[in-house]
Each structure stands twice: as structure tokens, then as C-alpha cells.
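1. predicted model and sequence follow; I will ask about them next.
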Amino acid sequence: MFQSTKIFDGFSCCFRQWKATTTHCQFLHGYGISFKVTFEGKLDDRNWVWDFGGMKRATTLIDGKQPKAWMDYMFDHTVLIAEDDPMRMQFEMLNSDQSRGKQYEGPLQIRIVKATGAEKFAEFIFHKLNNFVKNETNERVQVRSVEFMEHGKNTAIYSEKYV
């Protein structure tokens, strides 16, 4: 098997880890984030594992969006809130919601995720991109790992064993 990597960067988002009651991470805080995706598989007829530019031409969507549009939607100037955050309703009241025809312009773009933190974001991105990549390549390629980076100093890596 061959591997190739791609770094996706230029995103700014904030979140809080509400369960981290003994640290400052319990408070809303932001980062410039990026993530490094490792692709693994057989080479195509061009001798590539993954066509990085092909993401723009992809026919497979992630949550109804092109891959880059999905990344921007999730991580570009957004506030990521855990679905079990006890203050979720207060955050949602500040949401700028135009998705259902509303014209309310709140000060935040909220994205609800299962859990927050670099480790959980790496896992979340892994599953979204792995499903996309496997579909787009007819299972010739898979995502091997995702490394989520907070401002380039803190990282977390998620991968799964493959048989």
C-alpha cells in the first residue's frame, strides 16, 4: 500500500470542553486549526494514491456539500458545541441561522458535534472523510489517519485498524 498526505488549513473556530472543570479549557476559546489527512491505498493509473485536486471535482458529497465547502461550513469562523453541553440552548440562541429561511443574523455560527476537543475532532473528521474517500474511489483508497492541530502546537491523531 502507498500513502500520501494533505494538510487542510486556514480555519478559525472556537469551542469549549465543558467537562474540563479543573482547567481553562472549560471556557470558550478559539484556535487557528488545521488537519493533516493520511490517505492509503493502491495507485491509480496516474500513480497517485489520492488526487488532491480531485476534491474540487468530486461527485461524492459530505453532508450534501463538496468536501471543501463542508470543511468551511464546519470549521471556518464557527463555534463548535458538544451536543450534551448544558449551555447548548444559550449558544443556539446566538446562532446566525439562515439555513431554514430565517434572516436572523446572530453573532455566532454554531455547529453541533457529538463531542469537542482535538481528539474528538480528529475522529469526527476521520469518519466524514473516510466515507467520502472510499465512495469516491470505489474503496481503492481509505483515510489512514487524521491529525488535528490547534495553532500548530497541540495535535491529536485518530486512526483505526484495518484488516
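-> Received, thanks.
2. top helix in the chain by residue count?
-> helix 118-136 (DSSP state H).
3. what does it rub up against?
-> Residues from elsewhere that reach helix 118-136 (CB atoms under 8 Å, 6 or more residues apart in numbering): 33, 35, 37, 39, 50, 54, 58-63, 67, 70, 80, 113-114, 141-143, 145-150, 154-160. Glycine gets a C-beta too; all of them are placed from N, C-alpha and C.
4. can you pull the phi/psi pair for E40?
-> phi -140, psi 140 (degrees, to the nearest 10).
5. ok, what's across the strand from it?
-> Q3, Q142 (DSSP bridges).
6. how close does it sit to V143?
-> Separation of E40 from V143 (CB to CB, to the nearest Å) stands at 8 Å.
7. looking at these two, which is more packed in?
-> Between E40 and V143, counted using other CB atoms under 10 Å, V143 has the larger neighbour count: 24 against 19.
8. list the contacts of the more buried one.
-> Counting by CB under 8 Å, 6+ apart, V143 touches V37, T38, F39, E40, F126, L129, N130, V133.
9. not counting sequence-adjacent ones, nearest residue to it?
-> The shortest distance from V143 to any non-neighbouring residue, by CB to CB, 6 or more residues apart in numbering, is to N130 (4.0 Å).
10. what number of residues lie near the one you found?
-> N130, neighbours per other CB under 10 Å, totals 19.
11. please tell me how far it sits from V141.
-> 10 Å.
12. go on, V49?
-> 6 Å.
13. overlap in contacts of these two?
-> F39, E40, G41, K42.
14. returning to that earlier point: please indicate which of the contacts of helix 118-136 are buried?
-> With burial judged by 16 or more other CB atoms under 10 Å, the buried subset of the contacts of helix 118-136 is 33, 35, 37, 39, 50, 58, 62, 67, 70, 80, 113, 141-143, 145-150, 155-158.
15. just the ones of those residues in helices?
-> Residues of these located in helices (DSSP H): P67, W70.
16. for the helix or strand bottoming out on mean pLDDT in the chain, packing partners?
-> Within the chain, no helix or strand scores below helix 88-93, which has a mean of 90 by mean pLDDT, DSSP states H and E. In terms of contacts (3 or more CB pairs under 8 Å, 6 or more residues apart in numbering; DSSP states H and E), helix 88-93 is packed against strand 78-82, strand 110-113.
17. distance to E119 and mean pLDDT added to these, as JSON lines?
-> Below are the helices and strands packed on helix 88-93 laid out as JSON lines (distance: least, CB to CB, whole Å; pLDDT from 0 to 100):
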{"stretch": "strand 78-82", "distance to E119": "13", "mean pLDDT": "97"}
{"stretch": "strand 110-113", "distance to E119": "12", "mean pLDDT": "96"}
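18. cool, thanks, talk later.
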